[in-house]
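> Provide a 3D model corresponding to the input given below.
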Amino acid sequence: MQQANILIVDDDRRLRTLLERYLCEQGFAASGVDDGLQMAQKLERDTIDLIVLDWMLPGEDGLSICRRLSADKNNPPIIMLTANGGVDERILGLEGGAEDYLPKPFDPRELVARIHTVLRRHARVTAVTAALALPLHVGPYRLDCKLRCLHRENCRIDLTGSEFALLNVLAQHAGTPLSRERLANLIDGRYHDYDNRALDVQVSRLRRLLGDDPARPCYLQTVRGKGYMLVLNEDAL
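Numbering: from 1, shown residues only. Predicted structure coming up:
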């Protein structure tokens, strides 16, 4: 099996070197750069499967880089690192398009576990995308599983990997409430102690994309005591 190629973007040379060595010992191909400019050059030359991105960088900061990269669905998934582990920063990172978020200092074993989870999620998304050819309709929106985007009339809305993974799972189980634990299992392929706050952020982002009223959502509903449920056709309400 081909090694996953991990790019570490962090101006802390000591930490970057330690992570490169540790990730290589764990079976990854790992390399590191100092800033966004070097990262862009690396992405042009090599195929990168995942980026470990520090928030505080010289020049363009990590959050800005994350937002820019996540706008293009062809870019690799991102795990954000930051010395500030507050809830607000975590939400900003997730809303900026990061797949996961890890506060410093951290145990490198946890980083490896999160890398595996994100890579597994994207492998599942890729497999589902390849298997599905017909679009799904959510009210006036059309979910294109092949291109991983939403369409409404002539407007195209690109989805991040995590947005598509969540919406695709909900669409496959449309009309059935799914608990947070069940969603985590279907998205990541195994049960784990899922971050409820992170899932709620993803749901809020999807509701905004679907034009749902947060107080009375039409499509992505909250079923009290049972979880989240997607309604494909508004007329079915």
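> low-scoring stretches of this structure, by residue?
1-2, 73, 85-87, 124-135, 188-196, 233-237 (pLDDT under 70).
> Show me how it divides into domains.
Listed by automatic domain parsing, the domain ranges of the chain are 5-126, 133-236.
> Which stretches in this structure count as strands?
Using DSSP state E, the strands of the chain run over residues 5-9, 29-33, 50-54, 78-82, 100-103, 136-138, 141-144, 149-152, 155-158, 220-223, 227-230.
> out of those, which comes closest to residue 170?
strand 227-230 (3.8 Å; Cβ to Cβ). The way it works is simple: take the backbone N, C-alpha and C, and place the C-beta from them, glycine included.
> So which bits of that closest one are buried?
227, 228, 229, 230 (16 or more other Cβ atoms under 10 Å).
> Now stretch 222-229 - C-alpha only, CSV.
Extracted in CSV, the C-alpha atoms of stretch 222-229 (Å, rounded to 0.1, in the frame of the first residue of the first chain):
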residue,chain,number,x,y,z
THR,A,222,-33.2,18.2,14.6
VAL,A,223,-35.4,15.4,16.0
ARG,A,224,-35.5,15.8,19.7
GLY,A,225,-33.9,12.9,21.5
LYS,A,226,-33.0,11.1,18.3
GLY,A,227,-30.5,13.2,16.3
TYR,A,228,-30.4,14.9,12.9
MET,A,229,-32.5,14.0,9.9
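> returning to that earlier point: can I get the strands of the chain in CSV including distance to residue 93?
Supplementary listing: the strands of the chain in CSV, determined by distance: least, Cβ to Cβ, whole Å:
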stretch, distance to residue 93
strand 5-9, 14
strand 29-33, 19
strand 50-54, 9
strand 78-82, 4
strand 100-103, 5
strand 136-138, 26
strand 141-144, 25
strand 149-152, 22
strand 155-158, 19
strand 220-223, 22
strand 227-230, 22
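> closest one to residue 169 among these?
Closest among the strands of the chain, once you apply Cβ to Cβ, is strand 227-230, at 9.0 Å.
> Give the other helices and strands that that closest one contacts.
Applying 3 or more Cβ pairs under 8 Å, 6 or more residues apart in numbering; DSSP states H and E, one finds that strand 227-230 contacts helix 161-172, helix 180-188, strand 220-223.
> Now tell me what touches the longest one from outside.
When contacts are taken as Cβ atoms under 8 Å, 6 or more residues apart in numbering, the neighbours of helix 161-172 outside the stretch itself are 73, 77, 99, 121-122, 124-125, 128, 136, 138, 143, 145, 148, 159, 178, 183, 186-187, 199, 202-203, 205-206, 209, 220, 228-230, 232.
> same question, the shortest one
With Cβ under 8 Å, 6+ apart as the contact definition, strand 220-223 has outside contacts at 170, 177, 203, 206, 207, 210, 212, 228, 229, 230, 231.
> Those: which two are farthest apart?
177 and 210 (17.3 Å).
> The two - which one has more neighbours?
residue 210 (20 against 16; other Cβ atoms under 10 Å).
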